[in-house]
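Q: With the sequence up front, the predicted model follows.
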Amino acid sequence: MKVIVKGLATEYEDEGSGPVLLMLHGWGDSLRSFNTLVHRLGGYRIVRLDLPGFGGTELPRGEWDVGDYARFVQEFCTKLSVAPQFLLGHSLGGRISIKGLARGIFTAEKLVLIASAGVADRPTVQNNAFMALAKVGKLMLKPFPRSWYLNLRRELYKVTGGDYVSAGALSETFVNVINEDLSKDAGEVHTPTLLIWGEDDLVTPVSEGKKLKTLIKGSELQILHGAGHFVHQQKTDEVAKLIRDFLV
């Protein structure tokens with residue numbers, strides 16, 4: 001299904017009946033990420049969407065950050081006239097959930113974070129090198145058009161990492177998103193929270209799940225063996241049971 005949100009044609013699915021559970025996918029993914037999970041969560045009205053720039057939803061106009069995505073999600077809910085009782089976010093979807101709840105952009109009775117990003121213990125060496133070079137370049141190119149600086153940043157990421165390049169039209173948004181530390185926001189989330197992690201997650205390691213557990217007071221962390229970043233696909237039955245037990 002399609003709906004226009006903030007001028008963007010937005011792909012979404014709305015199925016089932018009962019309390020509303022809103023699902024937000026990760027970077028480079030789509031609402032299809034939750035296909036197998038949805039089929040194991042009866043008794044809920046499950047709403048999920050392709051975030052701007054992914055799946056069947058149009059690209060955002062200009063550079064976005066996590067807050068922009070959170071406001072888009074709120075506008076989407078308003079357009080559909082739904083007020084989700086429960087919120088589930090995977091990876092980038094977790095970032096958006098944390099930001100949105102901490103800043104009062106939207107609310108939820110309970111929150112499920114699956115391999116959520118946003119609170120890395122420390123930047124990688126790659127990111128440190130990139131940021132240092134980018135800051136120097138920004139100072140040097142300050143008298144010149146901003147496009148010069150953006151071109152420099154693009155060339156630096158070609159050398160220091162591939163994610164920026166593979167993001168294509170979302171490259172600048174990607175940088176905005178990954179460089180935002182949401183630790184303070186996580187500390188301001190007071191919604192009952194379930195954290196689900198794959199023990200072998202190399203994208204958002206278990207250490208980040210443990211950090212979130214200390215930041216979100218009263219949160220519960222469940223670590224599943226033999227699973228990685230897409231734990232909800234690799235251990236669907238176990239994840240579905242954890243979610244059902246938590247949401248009752």
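A: Cool, got the structure.
Q: So which elements touch the strand ranked longest in the chain?
A: Secondary structure of the chain per DSSP state E: the longest strand is strand 8-15. In terms of contacts (3 or more C-beta pairs under 8 Å, 6 or more residues apart in numbering; DSSP states H and E), strand 8-15 is packed against strand 2-5, strand 45-49, helix 66-80. Any C-beta I mention is one placed from the backbone N, CA and C, and that applies to glycine too.
Q: In the shortest one, which residues are buried?
A: Okay, so that is strand 2-5. For strand 2-5, the neighbour count (16 or more other C-beta atoms under 10 Å) marks residue 5 as buried.
Q: could you redo the helices and strands packed on strand 8-15 as a markdown table and give each row distance to residue 218 and mean pLDDT?
A: Formatted as a markdown table, the helices and strands packed on strand 8-15 follow (distance: least, C-beta to C-beta, whole Å; pLDDT from 0 to 100):
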| stretch | distance to residue 218 | mean pLDDT |
| --- | --- | --- |
| strand 2-5 | 33 | 98 |
| strand 45-49 | 25 | 98 |
| helix 66-80 | 22 | 98 |
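Q: hmm, back to that, check which residues of the longest strand of the chain are buried.
A: Residues of strand 8-15 classed as buried by neighbour count (16+ other C-beta under 10 Å): 8, 10-13.
Q: Helix 66-80 and that one, what's the angle between them?
A: Interaxial angle, strand 8-15 versus helix 66-80 (axes from the mean of the first three to the mean of the last three C-alpha atoms, to 10 degrees): 60 degrees.
Q: what sits up against strand 8-15?
A: Strand 8-15 is touched from outside by 1-4, 30-31, 38, 45-50, 52, 55-61, 72, 76, 80, with contacts defined as C-beta atoms under 8 Å, 6 or more residues apart in numbering.
Q: Buried ones among these?
A: Buried members of the contacts of strand 8-15, scored by 16+ other C-beta under 10 Å, are 30-31, 38, 45-50, 52, 55, 57-58, 60, 72, 76, 80.
Q: circling back to that earlier point, in JSON lines: the buried residues of strand 8-15, plus pLDDT and distance to residue 88.
A: Formatted as JSON lines, the buried residues of strand 8-15 follow (pLDDT from 0 to 100; distance: C-beta to C-beta, whole Å):
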{"residue": "8", "pLDDT": "98", "distance to residue 88": "22"}
{"residue": "10", "pLDDT": "98", "distance to residue 88": "18"}
{"residue": "11", "pLDDT": "98", "distance to residue 88": "18"}
{"residue": "12", "pLDDT": "98", "distance to residue 88": "15"}
{"residue": "13", "pLDDT": "98", "distance to residue 88": "14"}
